[in-house]
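A.B. asks: what follows is a predicted structure for the sequence shown.
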Amino acid sequence: MQRLVPGFIGMATPANTVYLHTFQKVGSAILGARNLSNQLRAVLMEIDFALFVEQLRADRWSACEEQIAEAALALKRAGANFLVITSNTGTTLSEAAREQSGLPVLDIVDTTLAAVSAADYRRPGLLSTVRTCESGVYQRAAAALGQQLVEAPQQLMLNVQSVILEELIRGVASRAALEAVTAAVDYFVSQGADCVVLGCTDLTHVAAQLQAMRPLPIFDSTILHAEAAAQVACGQKAALQNYSASL
């Protein structure tokens, strides 16, 4: 039986599609449903993502945060019990959403790095936008878990961010784009990383290719976050920040 309804704050539509598909697939498996593709209730609020990217490029972080907070309030009015922000970069801008909506947030960083620890890896390489890396959210969470996070050099990080904003947000990945991402993975290998964290949800579109091409295990934050949302909704996971038993 579903216990809680997630409110998805949607960013790029292709990544949101992966979220919803994974959420329903895992939820249906938990509930033992058969022949049902939409077993769990959920609420999705897609922000004006084109505007979000424009503001991101201009470093207008307060404007980005306001968009996320407005979406959180809309989801609360629609009946959501907890928030799932479908973006690592967006998660770094979620404080106003938490405060204004009063809803708990399923943290993508904690969820992803918990999976890394559970698999007994200790030195993950981080693929992400510049904002996510420089915010320190992954570094702090990794340190708390006894992990040593490996960051890409600035130019490699900028190359990956360019690929994300120019192609992956549309669900498209050219050969050149994949080469930019694998160059960063090669750097992690050279630095002794034992796995790679895809710390941008749009990188889910190259996860399978990376896993096939490179020796390091891949931890896809998109899939892990969506799976955790289904587990929370079905009462199998209660690790929510500011979780209230009254929900």
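C.D. replies: Nice, I can see it. Numbering: from 1, shown residues only.
A.B. asks: and the helix or strand hosting Ala29, what does it pack onto?
C.D. replies: Ala29 belongs to helix 13-31 when elements are defined using DSSP states H and E. Counting contacts by 3 or more Cβ pairs under 8 Å, 6 or more residues apart in numbering; DSSP states H and E, helix 13-31 packs against strand 6-10, strand 43-46, helix 221-233. Using the backbone N, CA and C atoms, a C-beta is placed for each residue, glycine as well.
A.B. asks: OK, contacts around Phe23?
C.D. replies: Counting by Cβ atoms under 8 Å, 6 or more residues apart in numbering, Phe23 makes contact with Pro6, Leu40, Ala42, Ala226, Glu227, Ala229, Ala230, Ala233.
A.B. asks: circling back to that earlier point, quick one: closest of the helices and strands packed on helix 13-31 to Pro153.
C.D. replies: Nearest of the helices and strands packed on helix 13-31 to Pro153, taken as Cβ to Cβ: helix 221-233 at 21.2 Å.
A.B. asks: pull the CA atoms of the closest one into CSV?
C.D. replies: Taking Å, rounded to 0.1, in the frame of the first residue of the first chain, the C-alpha atoms of helix 221-233 are listed here in CSV:
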residue,chain,number,x,y,z
SER,A,221,22.0,9.5,-9.3
THR,A,222,18.9,9.7,-11.4
ILE,A,223,18.0,6.0,-11.1
LEU,A,224,19.1,5.7,-7.4
HIS,A,225,17.0,8.8,-6.5
ALA,A,226,13.9,7.6,-8.3
GLU,A,227,14.2,4.1,-6.7
ALA,A,228,14.5,5.7,-3.3
ALA,A,229,11.4,7.8,-4.0
ALA,A,230,9.4,4.6,-4.6
GLN,A,231,10.7,3.0,-1.5
VAL,A,232,9.8,6.1,0.6
ALA,A,233,6.3,6.2,-1.0
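A.B. asks: that one vs strand 6-10, what angle?
C.D. replies: Computed by axes from the mean of the first three to the mean of the last three Cα atoms, to 10 degrees, the angle separating helix 221-233 from strand 6-10 equals 160 degrees.
A.B. asks: from the middle of its chain, how far away would helix 221-233 be?
C.D. replies: The chain centre lies 9 Å from the centre of helix 221-233; the measure is Cα atoms, centre = their mean, to the nearest Å.
A.B. asks: if you count neighbours, what's buried in that helix?
C.D. replies: Using 16 or more other Cβ atoms under 10 Å as the test for burial, helix 221-233 gives 221-233.
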